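Student: I'll drop the sequence and a predicted model, then ask my questions.
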Amino acid sequence: MSPHEHCPYQDGRVVIDPAFKADAPARYARLRELGPIHPAEFHLGLKGWVVVGYELAREALTHPALLKDSTPAAEALAAAGYVLHRPSVGLGAQMMEADPPEHTRLRRLAAAAFTPRRTADMAPRIEQIAHDLIDAMPPSGELDLVEAFNAPLPATVIAELLGIPQRHHLDFSRWSGQALQVASPEHRPALAALHGLLAELVADKRRRPEDDLLSALVAVRDQEDGRLSEEELVGTAMMLVVAGHESTVNLLGNSVLALLQHPDQLRLLRERPELLPGAVEEFLRHDTSVERSTSRYAARDLELGGVSIPRGSMISVALGSAGQDAPQVDGDAPAALDVTRPGARHLAFGHGIHYCLGAPLARLETAIALRILLSRLRELELAVPLDSLDWIGSGIIRGVLSLPVRYRVG
């Protein structure tokens, strides 16, 4: 049997389409058997390379010639109608789309406002939101856990953290969910709507600052780096909204789904909730919500994993696949879900200078949300066959669009 007969290749490339994304763990596993890097076709027909092995992923994420500067690929991006990297109409003008020294300046300013203390202070409010959402559920029955719990919890947390008024919460949640679905017709309108809302709020916080992250970003000043420009403020807020919302919504969904498929692990977490902080690392490793990294572009001809990469090529790192390939401290099989695994190794939050600034908040939200969900929903099971679940069909996020469950509040 030839390699292409047992791996997801079409015309010599891995086509990362809805069918691939619905079956991503199995398809990436087959790719890893063939090698750590493969030619790929991404959303909007964009072509490039996907890195699937752990060691090569670490190398790619810190490679000095794989940059966020998309200039060498500008013609291909424009022809495909790709705008996510651009300021004003996408998620540009913020650190995730910048290289040093600009990245260094933007990250230092954002980190000065988005402090560990600000994250830790959210814990009681996260607990209250989780309890309120469960209190709003009927005592038993069937519901979509994404709609009832997984989506509104992180949406409320990031909205309150930034200082987005309550009247905007529903629109904000919907737009942030659509913003990363790059092949969806709602993608561009959602980006434009979010940009307009946040630009309006930045102007309002400048006039009337409050005790919230958006006001802190407006006010932050560094002796060396100055202040964030208006465009950078909106870009940074856009990045925090989209990354902070969608990644956690789907991390919660993927974690619950994994537990429903492994009832022994679910039972263990209910009996030993002190395992949850480590279990969150295992969920991040086992089936993370950020399936692939944002794109890098080859600034020159280079070699990666023994493959020649021409200048201007798009490179995306399969973070979830890397987690499945990462050598574990205990030597156990990485494919298995083990909530007792010590120090689960993964790249779910990236690696190097672009390591996720919001990682502490994502960890905190997920641990608190799962603890309360598992303690209060004493009966919890899938209400539909596993193979009938619909998965996000485009972009870098992995997760189910809905998660129908049967439950009983205990």
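Tutor: Sure thing, it's come through. Numbering: from 1, shown residues only.
Student: which SS state does residue 275 fall under?
Tutor: helix (DSSP: H, G, I helix; E, B strand; the rest coil).
Student: neighbours around the nearest residue to it once chain neighbours are set aside, how many?
Tutor: Spatially, and ignoring its direct neighbours in sequence, residue 275 is nearest to residue 339 (5.6 Å; Cβ to Cβ, 6 or more residues apart in numbering). C-beta coordinates here come from the backbone N, C-alpha and C atoms, glycine included. For residue 339, the tally of surrounding residues (other Cβ atoms under 10 Å) stands at 24.
Student: Residue 339: what secondary structure?
Tutor: coil.
Student: so where's the stretch 151-300 of the chain shaky on pLDDT?
Tutor: For the stretch 151-300 of the chain, the stretches flagged by pLDDT under 70 are 182-183, 222-225.
Student: Would you map the strands across it?
Tutor: Here the stretch 151-300 of the chain has its strands, by DSSP state E, counting those that start in this stretch, at 296-298.
Student: For it, which segments are assigned as helices?
Tutor: Along the stretch 151-300 of the chain, counting by DSSP state H, counting those that start in this stretch, helices occupy 152-162, 169-179, 187-207, 213-219, 230-261, 263-271, 276-286.
Student: Let me know which of those helices is the nearest to residue 361.
Tutor: When these are compared by Cβ to Cβ, helix 230-261 sits nearest residue 361, at 6.7 Å.
Student: Show me which positions of the closest one end up buried.
Tutor: By neighbour count with 16 or more other Cβ atoms under 10 Å, helix 230-261 contains the buried residues 232-260.
Student: which residues does residue 152 contact?
Tutor: The neighbours of residue 152, taking Cβ atoms under 8 Å, 6 or more residues apart in numbering as the test, are 129, 133, 173.
Student: can you do 7 Å?
Tutor: Contacts of residue 152 were listed using Cβ atoms under 7 Å, 6 or more residues apart in numbering, and they are 133, 173.
Student: can you check residue 318 too?
Tutor: Taking Cβ under 7 Å, 6+ apart, one finds 28, 50, 51, 52, 291, 292 in contact with residue 318.
Student: at 8 Å instead, please
Tutor: Contacts of residue 318 by Cβ under 8 Å, 6+ apart are 28, 50, 51, 52, 57, 291, 292.
Student: Would you reformat those residues as TSV and include secondary structure and neighbour count?
Tutor: Formatted as TSV, those follow (DSSP: H, G, I helix; E, B strand; the rest coil; neighbours: other Cβ atoms under 10 Å):
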residue	secondary structure	neighbour count
28	helix	27
50	strand	24
51	strand	31
52	coil	29
57	helix	26
291	coil	25
292	coil	25
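Student: In a markdown table, list those along with distance to residue 269.
Tutor: Listed next are those as a markdown table, based on distance: Cβ to Cβ, whole Å:
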| residue | distance to residue 269 |
| --- | --- |
| 28 | 26 |
| 50 | 32 |
| 51 | 32 |
| 52 | 29 |
| 57 | 28 |
| 291 | 24 |
| 292 | 28 |
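Student: want to throw the helices of the stretch 151-300 of the chain into JSON lines with distance to residue 42?
Tutor: What follows is the helices of the stretch 151-300 of the chain, written out as JSON lines (distance: least, Cβ to Cβ, whole Å):
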{"stretch": "helix 152-162", "distance to residue 42": "26"}
{"stretch": "helix 169-179", "distance to residue 42": "17"}
{"stretch": "helix 187-207", "distance to residue 42": "14"}
{"stretch": "helix 213-219", "distance to residue 42": "31"}
{"stretch": "helix 230-261", "distance to residue 42": "18"}
{"stretch": "helix 263-271", "distance to residue 42": "33"}
{"stretch": "helix 276-286", "distance to residue 42": "23"}
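Student: Run through the stretch 1-150 of the chain and note the low-pLDDT ranges.
Tutor: Ranges of the stretch 1-150 of the chain meeting pLDDT under 70: 1-8, 84-85, 87-92.
Student: how about the helices of it, start to end?
Tutor: 18-22, 24-34, 54-61, 74-80, 102-113, 116-120, 123-135, 145.
Student: Now the third one - C-alpha only, CSV.
Tutor: Listed next in CSV are the C-alpha coordinates belonging to helix 54-61 (Å, rounded to 0.1, in the frame of the first residue of the first chain):
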residue,chain,number,x,y,z
TYR,A,54,6.7,17.5,18.4
GLU,A,55,10.5,18.1,18.1
LEU,A,56,10.1,19.8,14.6
ALA,A,57,7.2,21.8,16.0
ARG,A,58,9.4,23.3,18.7
GLU,A,59,12.0,24.1,16.0
ALA,A,60,9.5,25.7,13.7
LEU,A,61,8.0,27.8,16.4
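Student: isn't residue 172 right up against residue 190?
Tutor: No: applying Cβ atoms under 8 Å as the test, residue 172 and residue 190 come out as separate, 10.3 Å apart.
Student: Who has more neighbours out of the two?
Tutor: Comparing residue 172 with residue 190 by neighbour count (other Cβ under 10 Å), the higher total belongs to residue 172, at 24 against 21.
Student: Distance of that one relative to residue 253?
Tutor: 19 Å (Cβ to Cβ, to the nearest Å).
Student: Repeat that for residue 233.
Tutor: For residue 233 relative to residue 253 (Cβ to Cβ), the value is 31 Å.
Student: I figured residue 293 hits residue 61, correct?
Tutor: Yes: using Cβ under 8 Å, residue 293 is in contact with residue 61, at 6.8 Å.
Student: Now do the shared contacts for those two.
Tutor: Both residue 293 and residue 61 are in contact with 317, 350, 354, where contact means Cβ under 8 Å, 6+ apart.
Student: residues in contact with the first one?
Tutor: The one in question is residue 317. Contacts of residue 317 by Cβ under 8 Å, 6+ apart are 50, 51, 57, 60, 61, 292, 293, 296, 347.
Student: I figured the third one was touching residue 63, is that so?
Tutor: Pointing back at residue 57 there. No: with contact defined as Cβ under 8 Å, residue 57 and residue 63 do not form a contacting pair (10.6 Å).
Student: end to end, how far does stretch 140-156 reach?
Tutor: 24 Å (Cα to Cα, to the nearest Å).
Student: Flag every buried residue along that stretch.
Tutor: For stretch 140-156, the buried set under the neighbour-count rule, 16+ other Cβ under 10 Å, comprises 143-146, 148-156.
Student: For residue 106, which non-adjacent residue is spatially closest?
Tutor: residue 95 (3.9 Å).
Student: Within its local environment, how many residues does the one you found see?
Tutor: The burial count for residue 95: 24, using other Cβ under 10 Å.
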